[in-house]
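Colleague: 3D model of this:
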Amino acid sequence: MECSGAVTHWPMWLVGLALLTCTSACSDDDLRREFGAESFGTGELEGGAGDATGDGDGDGDGDGDPGGDGDGDGDGDGSCGDGVVGGVEVCDDGINDGGYGGCLRDCSGFGPRCGDGRINGAEQCDDANSGTSDGCLGDCKVPRSCREILAYDPNASDGLYIIAPKSPALAFATNCDMSTDGGGWTELSLPHLCNGDLDTVLSAIESAGTEGIDAMCRPYTRDGGGDHTYVFDVIFPPGFESFYLSAHVMKANAADGDTAEIKPASFVQTDWNIGYGQAGDISFGSADDAGPVVSYAALLSDPVGCQSCETALPLDPAGPYLVGSATTLFRVGWGEVGGQSEGWYPWWSGSVYLR
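Modeller: I've put the predicted structure just below:
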């Protein structure tokens with residue numbers, strides 16, 4: 001029998017005999033030609049399996065990866081830089097330059113960001129939490145006022161918060177009123193007025209013989225028998241548009257035998273430059289306005305005349321009062337008139353709330 005030539009209709013027993021006969025004499029190629037490659041399925045064995053070994057098909061179905069996952073080996077993990085977190089990747093933003101708020105170059109983690117407990121980039125603080133009362137908001141900014149805290153968290157409640165009106169490095173605790181008239185009110189009380197928390201300026205429009213700020217941060221004046229007008233400005237860098245007074249008390253400051261007086265029916269201060277008429281007055285508002293918004297003489301029903309008595313505003317709280325325009329200067333003004341030695345502590349106790 002020849003090992004070449006066409007054989008088309010041999011019985012199967014004869015085919016087997018031919019295979020045995022040609023084992024040593026015929027090559028694999030001869031066998032394929034003799035009996036037909038298709039009958040042994042060699043096309044399937046050598047390439048039709050769909051590339052399940054992962055050398056280019058993508059999903060192992062033999063179709064060249066149309067509609068597959070596109071990652072080249074069918075494992076669905078993707079690759080670092082494709083913008084999709086897959087496999088062992090922790091982060092993949094498609095850039096992966098390790099910059100602020102981004103991902104590391106090898107996709108193994110996050111770059112510097114707000115919330116990592118370290119101060120990075122333009123962050124003012126980072127305590128790795130979203131609390132609002134500890135002086136560091138969840139956006140890594142130090143709040144300057146209660147209004148800023150409320151803007152960050154509309155559900156913030158009344159209470160003690162840490163703010164830093166002057167600088168992130170100069171923070172202090174104060175009360176925030178998050179309820180009155182929509183909330184966002186920052187309390188300013190006497191201790192903040194001379195310990196570096198806030199800056200203040202005491203100015204004489206018409207000088208008294210005695211003036212100053214005592215150890216409790218309270219401004220005061222006393223003339224020697226003449227007239228005087230003063231203003232005391234509190235600088236609040238975040239700015240405010242309205243204010244109210246809470247438990248506010250003033251105190252007369254006259255010499256023995258003399259009296260300081262406020263007479264509602266005789267004089268109400270309306271100009272910062274004139275703090276007296278037939279009597280004195282104590283008033284409040286914005287230094288950017290021509291005059292005060294409200295005063296003791298405007299609210300009292302009865303006159304005050306004494307050497308050192310304390311007098312509270314008849315309204316508590318008094319306000320809110322709207323100033324003429326947004327400002328950073330809260331002002332207290334006062335004055336006295338007459339031949340006696342007299343004056344005032346215009347802010348003896350109580351608080352002012354700004355928003």
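Colleague: what about Asp197, is that helix, strand or coil?
Modeller: The three-state label given to Asp197 by DSSP: H, G, I helix; E, B strand; the rest coil is coil.
Colleague: Can you give me every residue that contacts it?
Modeller: Contacts of Asp197 were listed using Cβ atoms under 8 Å, 6 or more residues apart in numbering, and they are Pro165, Lys166, Leu170, Phe172, Pro191. Glycine gets a C-beta too; all of them are placed from N, C-alpha and C.
Colleague: for Ile282, same thing?
Modeller: Met250, Ile262, Gln269, Ser295, Tyr296, Ala297, Val332, Gly333, Trp334, Trp344, Pro346.
Colleague: Cross the contacts of Asp197 against helices and list the overlap.
Modeller: Members of the contacts of Asp197 lying in helices (criterion: DSSP state H): none.
Colleague: Which ones among those map onto strands?
Modeller: When those are checked against strands (DSSP state E), the matches are Phe172.
Colleague: Next, format the contacts of Asp197 as TSV and append pLDDT and neighbour count.
Modeller: As requested, those are arranged in TSV below (pLDDT from 0 to 100; neighbours: other Cβ atoms under 10 Å):
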residue	pLDDT	neighbour count
Pro165	98	25
Lys166	96	18
Leu170	95	13
Phe172	97	16
Pro191	93	12
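Colleague: one step back: from the contacts of Ile282, which is closest to Gly102?
Modeller: Among the contacts of Ile282, Val332 lies closest to Gly102 (Cβ to Cβ), at 50.5 Å.
Colleague: Mind listing the residues bridging to that closest one?
Modeller: Applying DSSP bridges to Val332 yields these beta-bridge partners: Phe232, Phe284.
Colleague: my guess is it meets Val231, correct?
Modeller: Yes - with contact defined as Cβ atoms under 8 Å, Val332 and Val231 form a contacting pair (7.0 Å).
Colleague: quick one on the thing from earlier: ok, so of the contacts of Asp197, who is nearest Gly81?
Modeller: Of all these, the one sitting nearest Gly81 is Leu170; the distance, using Cβ to Cβ, is 44.2 Å.
Colleague: dump the residue contacts of that closest one.
Modeller: Leu170 sits next to Ala164, Gly196, Asp197 when contact means Cβ under 8 Å, 6+ apart.
Colleague: Now those residues in a markdown table, please, with extra columns for pLDDT and distance to Gly102.
Modeller: What follows is the contacts of Leu170, written out as a markdown table (pLDDT from 0 to 100; distance: Cβ to Cβ, whole Å):
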| residue | pLDDT | distance to Gly102 |
| --- | --- | --- |
| Ala164 | 97 | 29 |
| Gly196 | 93 | 39 |
| Asp197 | 96 | 38 |
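Colleague: need these in TSV with distance to Ala255, can you?
Modeller: Written out in TSV, the entries for these read as follows (distance: Cβ to Cβ, whole Å):
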residue	distance to Ala255
Ala164	42
Gly196	33
Asp197	33
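Colleague: Surely Ala297 is in a helix?
Modeller: Yes - judged by three-state DSSP, Ala297 forms part of a helix.
Colleague: Am I right that it is in contact with Gln269?
Modeller: Yes - applying Cβ under 8 Å as the test, Ala297 and Gln269 come out as touching, 6.8 Å apart.
Colleague: more crowded one of those two?
Modeller: Each of Ala297 and Gln269 had its neighbours counted (other Cβ atoms under 10 Å), and the higher figure belongs to Gln269 (28 against 22).
Colleague: now the more buried one: how far from Trp334?
Modeller: With distances defined as Cβ to Cβ, to the nearest Å, the gap from Gln269 to Trp334 amounts to 8 Å.
Colleague: what's the answer for Pro238, then?
Modeller: From Pro238 across to Trp334, the span is 26 Å (Cβ to Cβ).
Colleague: ok, the two, which is more surrounded?
Modeller: Of the pair Pro238 and Trp334, Trp334 is the one with more neighbours under other Cβ under 10 Å, namely 31 against 18.
Colleague: how far away is the more buried one from Ser203?
Modeller: Distance of Trp334 to Ser203, computed by Cβ to Cβ: 12 Å.
Colleague: Could you list the buried residues of stretch 88-96?
Modeller: Applying a neighbour-count criterion of 16 or more other Cβ atoms under 10 Å, one finds Glu89, Cys91, Asp92, Asp93, Asn96 buried in stretch 88-96.
Colleague: Fine by me, thanks again.
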